[in-house]
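Novice: I'll drop the sequence and a predicted model, then ask my questions.
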Amino acid sequence: MGWTLPRTWVQDELVTPALLNTHLRDNLNALSHLVVRKTSNESVVSSTVLQNDDVLLFAVAANEIWLVQLILLWDSGNTGDLKWAFTWPAGATAHVTCVSPVAGAGVTGLSYQTTITSGTGSSLEQLQAGTGIVTKFDGVLINGGTAGNLQFQWAQSTSDGTATIVKANSTLWAVKLA
């Protein structure tokens with residue numbers, strides 16, 4: 001249920017379960033959001049095969065619509081870089097924007113604004129060795145009739161002996177819109 005404009009209660013009004021459900025339960029559910037935070041670093045060495053992140057995922061029921069934001073803290077030592085993807089239930093569609101610093105003169109933004117395919121990887125480059133990168137993903141997931149998980153996946157863009165690390169405190173936020 002979505003947000004319902006709260007009503008003004010009057011003296012001696014009979015409060016029914018239907019009124020309470022609409023004006024309290026449903027509105028509280030509409031305000032709720034989900035936060036998933038990585039509590040430790042996770043590394044990949046010498047692999048370009050996308051893997052599921054151990055923590056950055058959440059369950060999506062059939063026919064739900066979610067507003068999603070991922071703040072990803074990562075470092076690759078300026079060699080392996082980062083390949084990323086999202087997966088979701090069959091029949092869903094996602095529209096995602098990705099903003100991250102890129103290599104070059106000064107710091108500029110790299111932005112993808114697209115409808116992406118589940119499990120298809122895109123790559124990001126490390127700006128400067130050892131500095132760490134903050135990458136922000138914003139999107140909307142429109143699920144079909146199949147329940148499942150929205151799952152962040154990642155690997156190295158180029159196989160390298162220096163670890164690519166998704167760092168602790170990377171955070172996935174989600175708000176159910178419908």
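Specialist: Looks like it arrived, so ask away. Numbers count the residues shown, from 1 in each chain.
Novice: which residue packs closest to the residue nearest to the spatial centre of the chain, ignoring adjacent ones?
Specialist: The centre of the chain sits closest to residue 70, judged by CA atoms, centre = their mean, with a distance of 3.9 Å. Once flanking residues are discounted, residue 70 sits nearest to residue 137: 4.2 Å by CB to CB, 6 or more residues apart in numbering. C-beta: built from backbone N, CA, C; applies to glycine.
Novice: all helices of this structure, in order?
Specialist: 17-20, 26-31 (DSSP state H).
Novice: Lowest average pLDDT across the ones you listed?
Specialist: Across the helices of the chain, the stretch with the lowest average pLDDT is helix 26-31; it has a mean of 72.
Novice: Dump the helices of the chain into TSV; add distance to residue 75 and mean neighbour count as well.
Specialist: Formatted as TSV, the helices of the chain follow (distance: least, CB to CB, whole Å; neighbours: other CB atoms under 10 Å):
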stretch	distance to residue 75	mean neighbour count
helix 17-20	50	10
helix 26-31	35	13
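Novice: Distance to residue 57 added to the ones you listed, as CSV?
Specialist: Shown next, in CSV, are those (distance: least, CB to CB, whole Å):
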stretch, distance to residue 57
helix 17-20, 33
helix 26-31, 21
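Novice: Among these, which comes closest to residue 80?
Specialist: In terms of CB to CB, the element of these nearest to residue 80 is helix 26-31, at 40.6 Å.
Novice: give the contact list for residue 57.
Specialist: Contact analysis of residue 57 by CB atoms under 8 Å, 6 or more residues apart in numbering lists 36, 149-152, 172.
Novice: Roughly how far does it sit from residue 36?
Specialist: Using CB to CB, to the nearest Å, residue 57 is found at 7 Å from residue 36.
Novice: Which neighbours do these two have in common?
Specialist: Jointly contacting residue 57 and residue 36 under the rule CB under 8 Å, 6+ apart are residue 172.
Novice: list the contacts for residue 158?
Specialist: With contact taken as CB under 8 Å, 6+ apart, residue 158 is in contact with 48, 79-81.
Novice: For residue 93, state which of these is nearest.
Specialist: Proximity of those to residue 93 (CB to CB) peaks at residue 48, which lies at 26.4 Å.
Novice: quick one: low-confidence ranges for this protein?
Specialist: Low-confidence segments of the chain (pLDDT under 70): 1-3, 30-32, 78, 101-117, 119-131.
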